[in-house]
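A.B. asks: quick one, structure for this:
(one chain, ligands or ions: 1)
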Amino acid sequence: MADTIFSKILAGEIPADIVWSDEFCIAFRDINPQAPAHLLVIPRKAIVSLADASDDDTALLGHLMRVCAKVAEQEKIADAGFRVVANTRTDGGQDVPHLHFHVLGGRAMKWPPG
Ligand code: DGP
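C.D. replies: So this is what the prediction gives:
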């Protein structure tokens, strides 16, 4: 898999405001926040998108979901509620080809998304 902005953040080559780090993933603040709280949760493993994950990644995907909820708790947006989004491939609006979950909160979300 080619280097991406996120692989460079994981390698410490470019800075990020990291709010969570463990053996399997990190979470950091989105550079272009779409809500008062906007975090990105990414695996350390180089997976291009949700559509590129395999059955071998099932436990990792579960862990990432737990971290989304823990980060929401940490950011104090869990009680009011929050949204988790995985833009996937072209029609999903994915720009960075490294799996990531957006955690958005601090305001009421609209539905449907654009
Ligand atoms: P997506 O469109 O789903 O691939 O979302 C990519 C997100 O990554 C987008 O919301 C902006 C964010 N982003 C892009 N480059 C950087 C960066 O260098 N640092 C941080 N913190 N976020 C970035």
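
A.B. asks: does I26 count as helix, strand or coil?
C.D. replies: strand (DSSP: H, G, I helix; E, B strand; the rest coil).

A.B. asks: so it touches K45, yeah?
C.D. replies: No - taking Cβ atoms under 8 Å as the definition, I26 is not a contact partner of K45, at 11.7 Å. No exception for glycine: its C-beta is placed from N, CA and C like everyone else's.

A.B. asks: which one's more surrounded, the two?
C.D. replies: Shown here are I26 and K45; by other Cβ atoms under 10 Å, I26 has more neighbours (19 against 15).

A.B. asks: give me the contacts around the lengthiest strand in the chain.
C.D. replies: Of all the elements of type strand in the chain, the one with the most residues (DSSP state E) is strand 37-43. Applying Cβ atoms under 8 Å, 6 or more residues apart in numbering, the external contacts of strand 37-43 come out as 6, 9-10, 19-20, 24-30, 60, 64, 67-68, 71-72, 75, 77, 82, 98-106.

A.B. asks: and those residues, which are buried?
C.D. replies: By neighbour count, with 16 or more other Cβ atoms under 10 Å, the contacts of strand 37-43 hold 6, 9-10, 19, 25-28, 30, 60, 64, 67-68, 71-72, 75, 77, 82, 98-105 as buried.

A.B. asks: which residues of the protein lie near the ligand?
C.D. replies: 5, 16, 28-32, 40, 87, 93-96 (Cβ under 6 Å from any ligand atom).

A.B. asks: helix, strand, or coil at Q94?
C.D. replies: Using three-state DSSP, the structure places Q94 in coil.

A.B. asks: that one contacts T88, correct?
C.D. replies: Yes - between Q94 and T88 there is a contact under Cβ under 8 Å: 5.6 Å.

A.B. asks: now do the shared contacts for those two.
C.D. replies: S49.

A.B. asks: so between these two, which is more surrounded?
C.D. replies: Taking other Cβ under 10 Å, Q94 and T88 do not tie; Q94 has more neighbours (18 against 15).
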